[in-house]
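Asker: fold the following.
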Amino acid sequence: MTDTKIISNKYTMPILSVKAKTIVTVVSVALAILLPQLVHMIGISLGSGSALGEIILPMHLPVILAGLVAGPYVGLITGFLAPIISFGITGMPGMVILPFITIELAVYGFLAGVMSNVKINVMSKVLIAQIVGRVVRALAILAAVYIMGNNAVKVSIIWTSIKTGFVGIILQWALIPVVVMIVRKVIDNERSAN
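Answerer: Next up, the predicted model:
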């Protein structure tokens, strides 16, 4: 028996144990560090350098998934830690943009987690998290430039990153609902077996 219900494609996720949430956090942070490195290596081999990472947005996938699968605190922690640990290990994302990506990903993960048990379809949950995360990131950039006088970051990055990352946004729309459905089925099957 499971704690979840399905209303067409409107999934709610079962409540996970602290141990399961810890595992999801560790795996999600690791994936959010490893996937960008893999994408960057592919980009270098194709001659596009790090641009492929900016197009595909590989760090976003595990963060949003962590929130949807394990709740707001796991999403928040994953979104906050992944870019900071990645910077410490790989130097990416760059120092200038690191605070803004950290804010954006933390919002993605937290909001996806808040909506994990809201009975709307997964695509809507992803879209809401993406929009709010991008708006908060844009506000942080505007505050850094116009209130704090930060000259290292340019306001134009707000629109450039949306335009450049549009393929990644669409990939998130395509992949995340499928992965959430698979994870949900695995959890349901595991609980049914016990």
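Asker: could you point out where this structure is predicted with low confidence?
Answerer: Counting by pLDDT under 70, the low-confidence segments of the chain come to 1-14, 194.
Asker: going along the chain, name the helices of the protein.
Answerer: 18-46, 51-56, 60-70, 72-90, 98-114, 122-142, 157-164, 166-193 (DSSP state H).
Asker: what about the fifth one, distance to the chain center?
Answerer: In this case it means helix 98-114. When C-alpha coordinates are averaged (CA atoms, centre = their mean, to the nearest Å), helix 98-114 and its chain have centres 7 Å apart.
Asker: so which elements touch it?
Answerer: Contact here means 3 or more CB pairs under 8 Å, 6 or more residues apart in numbering; DSSP states H and E; on that basis helix 98-114 packs against helix 60-70, helix 72-90, helix 122-142. For every residue, glycine as well, the C-beta is placed using N, CA and C.
Asker: what does the last one contact?
Answerer: Which is helix 122-142. The contact list for helix 122-142 (CB atoms under 8 Å, 6 or more residues apart in numbering) reads 9, 11, 64, 67-68, 99-101, 103-105, 107-108, 111-112, 115-116, 118, 153, 155, 157-158, 162, 169, 172-173, 176-177, 180-181.
Asker: show me the one of the helices and strands packed on helix 98-114 that comes nearest G43.
Answerer: In terms of CB to CB, the element of these nearest to G43 is helix 72-90, at 14.0 Å.
Asker: and that closest one, which residues are buried?
Answerer: Buried residues in helix 72-90, counted by 16 or more other CB atoms under 10 Å: 72, 74-84, 86-87.
Asker: which strands or helices does it pack on?
Answerer: Under the contact criterion of 3+ CB pairs under 8 Å, 6+ apart, helix 72-90 touches helix 18-46, helix 60-70, helix 98-114.
Asker: how near is I169 to M41?
Answerer: Distance of I169 to M41, computed by CB to CB, to the nearest Å: 22 Å.
Asker: what of T90?
Answerer: T90 is 11 Å from M41, by CB to CB.
Asker: next: L127.
Answerer: Applying CB to CB, one obtains 30 Å for the distance of L127 from M41.
Asker: other residues contacting stretch 31-44?
Answerer: The set of residues external to stretch 31-44 that reach it, using CB under 8 Å, 6+ apart, is 49-53, 56, 58-59, 61-63, 78, 82-83, 85-86, 89-90, 92, 105.
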